[in-house]
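kindly return the folded structure for what I paste below:
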Amino acid sequence: MTALSQRFLNASRDLKFFLIASFLMGIGYSIFDSIFNNFLHDQYAISGWQRSFLEFPREIPGFLVVFVSAGLWFMCTRRIGAFALALSSIGALLIGFAAPSYAIMVSFLFIYSMGQHLFMPSAAVIGMDLAREGQTGRRLGQLNSIRNLAIILGSFFVFLTFKYFGFTYKHGFSMVAIALLFAAVFIFMMDKEKDHQKKSFLTFKHEYTLYYVLNILYGSRKQLFITFAPWVIVSIFNKPTQTLATLLTIGGIIGVFFQPILGKLIDKKGERFVLLSEAVILALICIGYAFARDMLSEFYAFIAIAIFYLIDQILMSVNMARSMYIRKIAIEPADVQPALAAGVTIDHIFSISVALLGGWIWNEFGYQYVFLLGAGIAVINYFAVMRMHIPKQVV
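Down below sits the predicted model:
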């Protein structure tokens, strides 16, 4: 701990501010995710259809990121990051204190989610800018590890305060708003990028076509994990909600230690090697999801599925390799933020589509075929990554 404290003290002013902001952001988002579903149930007594409908206002901001970023062309990346966190802070506060009806709450959820999705490309750019030469993956891994730790602490905070200290949802959403607002302040206090220049964000360059394709495949794969992997555990193996909570906690703890290792691996072996490995592992996991129950007894099949779920959760971190890839192939540095924003938009277009397609396949043919689709996506991803050619020197 002393060594970590010393490294923090020796870090640059901007890096210290971003580390603190990343921790506060992780705390805020974790508290929100921990209380939101119970809040919906207790406050509005919504139906299953209403709950599923909420995924649209939560995910549409991801589609809009590239357009909103275009409207904020006059801001540098760090100012956009601060604005995004402040927007989420406002949305959380409005949900907690000014949403008497379900319809009004949905509009505030849109604000919260817009800030959350707008921050994604900004966070990647800021993290890469704060890395030393040749240690970009290591830096992104460290930042992700800090966020994982914050998520675990945020969830534990909710457990303690709601169980033993009588916290209400208003207290919870207040803590979310405060954490995100302070995170926004720390990022705002960072120096502006020296090379910031006015630019249009609403551009899709053909030189980055492969990056966009990788985001299509990532969005499709991500949604299969988010939507259908937990549903297998709940509906096929009939496990209670605490099973998923336990798996998420275990995955978060593993992530604290795994993220820096993954970052160093990317620096050492390269983005292409890591993304190819991800594709192979993902294909095997999808086949495991599809056939574990047919090949093993119920008990061992669930153990296998739980392991697959944890590995799948960890693999989501490999997205940092895609961010590093676009930075390395960017024709000019000013292209990185627009390309990342476009990637988030493309990701969400296909993630929403795959969720609908996967639901139809599950109902018509069975859950196994959803994961065979996932295996097919992983194979396509493998051959797409094979086409990656990364310059030896970072632009």
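
where does the stretch 201-350 of the chain have low pLDDT?
Within the stretch 201-350 of the chain, the set of residues satisfying pLDDT under 70 comprises 201-203, 241-242, 245.

the helices in it, which residues?
For the stretch 201-350 of the chain, the helices defined by DSSP state H, counting those that start in this stretch cover 209-223, 229-231, 241-269, 271-295, 298-315, 319-329, 336-365.

before we move on, what about the stretch 51-200 of the chain?
55-71, 77-97, 102-129, 136-164, 169-188.

deepest-packed of the helices of the stretch 201-350 of the chain, please.
With neighbours defined as mean count of other Cβ atoms under 10 Å, those peak in mean count at helix 319-329, which reaches a mean of 23. Backbone N, C-alpha and C define where each C-beta goes, glycine included.

counting by contacts, list what that one packs against.
In terms of contacts (3 or more Cβ pairs under 8 Å, 6 or more residues apart in numbering; DSSP states H and E), helix 319-329 is packed against helix 102-129, helix 136-164, helix 209-223, helix 241-269, helix 271-295, helix 336-365.

quick one: closest of the ones you listed to residue 24.
When these are compared by Cβ to Cβ, helix 136-164 sits nearest residue 24, at 7.5 Å.

report the angle between that closest one and helix 271-295.
On the basis of axes from the mean of the first three to the mean of the last three Cα atoms, to 10 degrees, helix 136-164 is oriented at 50 degrees to helix 271-295.

quick check: mean pLDDT of helix 136-164?
Averaged over helix 136-164, pLDDT sits at 86.

and it with helix 241-269, angle?
Using the same axes, to 10 degrees: helix 136-164 against helix 241-269 is 160 degrees.

which strands and helices sit next to helix 136-164?
Helix 136-164 sits against helix 13-44, helix 102-129, helix 169-188, helix 241-269, helix 319-329, with contacts defined as 3+ Cβ pairs under 8 Å, 6+ apart.

ok, which of the ones you listed comes nearest residue 61?
helix 102-129 (4.0 Å).

what residues sit buried inside that closest one?
Within helix 102-129, the residues that count as buried by 16 or more other Cβ atoms under 10 Å are 105-106, 108-129.

got the angle between it and helix 169-188?
30 degrees.

tell me what helix 102-129 is packed against?
Going by 3+ Cβ pairs under 8 Å, 6+ apart, helix 102-129 lies up against helix 13-44, helix 55-71, helix 77-97, helix 136-164, helix 319-329, helix 336-365.

distance of the closest residue to residue 95 other than its chain neighbours from residue 179?
Distances taken as Cβ to Cβ, 6 or more residues apart in numbering place residue 108 nearest to residue 95, at 4.7 Å, with adjacent residues excluded. From residue 108 across to residue 179, the span is 17 Å (Cβ to Cβ, to the nearest Å).

try residue 293
For residue 293, the distance to residue 179 - Cβ to Cβ - is 41 Å.

contacting residues for residue 218?
319, 322, 347, 381 (Cβ atoms under 8 Å, 6 or more residues apart in numbering).

just the closest of the residues you listed to residue 277, please.
Among these, and counting by Cβ to Cβ, the member closest to residue 277 is residue 381, at 11.3 Å.

quick one: contacts of the helix or strand encompassing that closest one?
Here residue 381, judged by DSSP states H and E, is contained in helix 367-385. For helix 367-385, the external contacting residues (Cβ under 8 Å, 6+ apart) are 210, 213-214, 217-218, 220-221, 224, 228, 231-232, 236, 272, 275-276, 278-280, 282-283, 286-287, 289-291, 357-358, 361-362.

residue 258 versus residue 310, what's the distance?
From residue 310 to residue 258 the distance is 10 Å (Cβ to Cβ).

thinking residue 220 is in contact with residue 350, fair?
Yes: counting by Cβ atoms under 8 Å, residue 220 does reach residue 350; the two are 5.0 Å apart.
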